[in-house]
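Visitor: prediction below, plus the sequence it came from.
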Amino acid sequence: MLSRILGRALIAATATAAALGALSLSACVSAQNCAIWVGFESSREMYDAAELVVVGDVPTESHERRIGGVAAQVYELGTFEVLKGDAGAAPLRVAAMPDPCGRPEMENLLADAGQSLLFLVESDDPEVWVTITPVQGVRPAEERSLLVDDEQAP
């Protein structure tokens, strides 16, 4: 009788330990989904990394759309100048790359951006381009002069 009770207790303890182990592993797995974003030192580095670079006036109005399973504010640029890549027809839809971990320090780079130089990459939504990272990809439009190659200078 005692051996049966001890056996059941051992089985229960093993099952509990396995369940706790699985929970702790799932916590580790979810933490690994949070990216550490590369930091670009200059507008030139962002230009080289981007698939599309444009100068445009980011409007204050936006609409929400899911990108990579995360809510993002999407802005439509009616007029823009392409410095690199192929934007297709207007309007150009852009969003700050959403952070899947929802870290509060990852603010919306495009909110109140106004006239800006945008460094963009494709998103999982074929109609929306996103900034190269959640924390970089928007610079003042005046910095476009830093991107002109020496042989293109007047």
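Guide: Cool, got the structure.

Visitor: please report how far the spatially most central residue of the chain lies from Ala89.
Guide: Against the mean C-alpha coordinate of the chain, by Cα atoms, centre = their mean, the closest residue is Met97 at 2.7 Å. Using Cβ to Cβ, to the nearest Å, we find Met97 at a distance of 23 Å from Ala89. From N, CA and C alone the C-beta is placed, and that goes for glycine too.

Visitor: ok, Arg66 next?
Guide: Counting by Cβ to Cβ - Arg66 and Ala89 are separated by 23 Å.

Visitor: these two: who's more crowded?
Guide: A count of neighbours by other Cβ atoms under 10 Å puts Arg66 above the other of Arg66 and Ala89, at 12 against 5.

Visitor: what's the offset of the one helix or strand that one maps to from the middle of its chain?
Guide: Using DSSP states H and E, Arg66 maps to strand 63-67. Between the centre of strand 63-67 and the centre of its host chain there is 12 Å, according to Cα atoms, centre = their mean, to the nearest Å.

Visitor: likewise stretch 115-135?
Guide: 8 Å.

Visitor: stretch 95-115 now?
Guide: 8 Å.

Visitor: pull out the buried residues from stretch 115-126.
Guide: By neighbour count on 16 or more other Cβ atoms under 10 Å, the buried set for stretch 115-126 is Ser116, Leu117, Leu118, Phe119, Leu120, Val121, Ser123, Asp125.

Visitor: ignoring the adjacent residues along the chain, who's closest to the last one?
Guide: Spatial nearest neighbour of Asp125, excluding adjacent residues (Cβ to Cβ, 6 or more residues apart in numbering): Ile67 at 5.4 Å.
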